[in-house]
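>>> what shape does this take:
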Amino acid sequence: MNHRSERHGADLLVIGGGTGGVAAALTALRLGSRVIVTEETAWLGGQLTSQAVPPDENAWIEAPSTSPSYAEFRNRVRDYYRRNYPLTAAAAADPHLNPGAGVVSRLCHEPRVAAAVIDEMLAPWLASGRLRVMLRARPVAVEVRGHEVRAVTVRGDDGMEHELRAPIVVDATELGDLLELGGVEHVIGAEGRDDTGELHAPPNADPLDQQAISWCFAVEHRPGEDHTIAKPERYEHWRTHVDPFWPGPQLSWTDVEPIGLRVRTRPIFQALPTPNVPFDLWRFRRVLAAENFRDGTIDSDVSLVNWPQVDYWEAPLLGVEPDAAERALAASRELSASFLHWMQTEAPREDGGEGYPGLMLRGDVTGTDDGFAMAAYIREARRAVTEFRVLEQHVGVESRGRGTGSALFDDSVGIGHYRIDLHPSTSGRTYVDIEAYPFQIPLGALLPVRIDNLLPAAKNIGSTHITNGCYRLHPVEWSIGEAVGALATFALERRVPPRAVRADEHLLHDFRSLLTGPLGLTLRWPEHVRTHHWSPVRAEEDENVPAR
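Predicted coordinates for the structure are as follows:
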């Protein structure tokens, strides 16, 4: 194997160019650091891009409390469409333009647009030489001496290995890879109630209790045409297999409503909403709505399929041998392909017929040859054992009591909100979808207990299996990465290890002043927001509830 050692004058090494990794790099660059970023796929952005997941956001995402850099990203997405697409006059003038008019978010957009916007945001730093990006490079080894990461080796598609070094290393990988490679203390799967005391944790720890992954894909619909894909090898398995907690085979319009666990039937196309099904699957994560574009320019809507039917919970990715993890990834992709084939050939239609052969994969939207995302959507990673662990008792409405609000942290470095949203798991557990208060991101959850210069910046922070369910979404991961990038730069300037910033009240004060001053971050929700809660019965209609 070819190998070479590289440093390139970097202050910060970010392994993993997902949502948190991009935010960490961008923040550090803006504060004067030199940065190397590595990413396994061909696109930076993670769940926004290579995993093809339109952003899941909170109800206050358009408010001034949103991170200015995340707000800039969102504004740039809208401006990208205004500059480059043939929008209708009404769509172009809409300050809250939603290109796909999707239900899941106020801003449903194509993954490729997010990738282009991220490239725009990083372009000045690439031109200056302060940023180096290595795409299609995955970490394969971590050198640790004492309490410090000394080097990370990444391997490119060409087989070349690069040994990268910097004073501070960020693990922004989708699965927390550096934690395992470096022997850093971490947890996988579900902690037990006997450990955490969490109301919705299982009684005992189960490392193999991990959230479902999903292999998303983009489709448009061309009635009268036939774009049917070949039948996947295990199609009959997915067509007939029924898990005990699910109402039938996943290749169906029938699934489970996450909050109340009621069985529902929601088709891909539905002419009129009903009380039980206020929107169809097509509009759920639609990323291009033809109605937003001038006649004759956009022939069809484009929708991203990240629906319950493609949640893969058959086998875990973590705590198993590499070949077993690869088989699970392949099976996830096969499930998605099987669902597409079923929709094209057997799915019940509103008119009484079967199948929508006009469903056509759109690889240009996902940056792939076949229309499937570059990578699986990962909901749960290895989680670092950190100085502080966020529990359900800190954020859960039921655990804390209605009207009390989330816990307040003196070391808050950001804010976020989402329901505690756990998808069905590899242990055979169904949805755990419960209300959470708008919360803070405590610095202690970003500091591993032993390693001085490694910082988690994605789904690998010091949360639990339960609280990961609300800390894992796009804007929260961005805010985590932003705090990590700022912390790394601040610690280097003060010539102290990152953990010293939390340990010293004067350093912590100065660091938080950096966050609220030059970076313009909000570190505490307004009180009426922090204590906000609602009835799940009204969840579909409440204007303050973020769409699932």
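
>>> secondary structure class for the closest residue to Ile441 other than its chain neighbours?
Among residues not flanking Ile441 along the chain, Gly414 sits closest, at 4.1 Å (C-beta to C-beta, 6 or more residues apart in numbering). Heads up, the C-betas are built off the backbone N, CA and C, glycines and all. Judged by DSSP: H, G, I helix; E, B strand; the rest coil, the three-state class of Gly414 is strand.

>>> quick one, longest helix in the protein?
Identified as the longest helix of the chain according to DSSP state H is helix 322-345.

>>> list the helices and strands that helix packs on?
strand 213-214, strand 217-221, helix 235-240, strand 302-305, strand 311-312, strand 359-361 (3 or more C-beta pairs under 8 Å, 6 or more residues apart in numbering; DSSP states H and E).

>>> again, 6 Å this time
helix 235-240 (3 or more C-beta pairs under 6 Å, 6 or more residues apart in numbering; DSSP states H and E).

>>> from Ile168, how far out is the residue nearest to Ile441?
Distance of Gly414 to Ile168, computed by C-beta to C-beta, to the nearest Å: 18 Å.

>>> same check, this time on Glu505
Here Glu505 is placed at a distance of 22 Å from Ile168 (C-beta to C-beta).

>>> could you do Met360 as well?
46 Å.

>>> kindly report the same for Thr386.
Using C-beta to C-beta, Thr386 is found at 16 Å from Ile168.

>>> before we move on, back to that, the more surrounded of Met360 and Ile168?
Neighbour tally, Met360 and Ile168, criterion other C-beta atoms under 10 Å: the higher count belongs to Ile168, 26 against 21.

>>> tell me the contacts of that one?
Applying C-beta atoms under 6 Å, 6 or more residues apart in numbering to Ile168 gives the contacts Leu12, Asn453, Ala488.

>>> name the nearest residue to it, ignoring sequence neighbours.
Ala488 is the one closest to Ile168 (C-beta to C-beta, 6+ apart), at 4.4 Å.

>>> show me the contacts for the one you found.
Ala488 neighbours (C-beta under 6 Å, 6+ apart): Leu12, Ala28, Ile168.

>>> rerun at 10 Å
Contact partners of Ala488, counting by C-beta atoms under 10 Å, 6 or more residues apart in numbering, are 11-14, 24, 27-28, 31, 33, 35, 166-170, 453, 455, 457, 498.

>>> and Val484, how far from Pro111?
24 Å.

>>> oh sorry, the question was meant for Arg130
On the measure of C-beta to C-beta, Arg130 and Pro111 end up 27 Å apart.

>>> got it, and Ala486?
Separation of Ala486 from Pro111 (C-beta to C-beta): 27 Å.

>>> the stretch 401-548 of the chain: strands as residue ranges?
Taking DSSP state E, counting those that start in this stretch as the test, the strands found in the stretch 401-548 of the chain are 412-416, 420-422, 432-434, 439-442, 454-456.

>>> what's the most buried one of these?
strand 454-456 (a mean of 29; mean count of other C-beta atoms under 10 Å).

>>> circling back: quick check: buried residues in the longest helix of the chain?
Using 16 or more other C-beta atoms under 10 Å as the test for burial, helix 322-345 gives 325, 328-329, 331-344.

>>> ok, stretch 106-121 next?
Those would be 106-118, 121, for stretch 106-121 by 16+ other C-beta under 10 Å.
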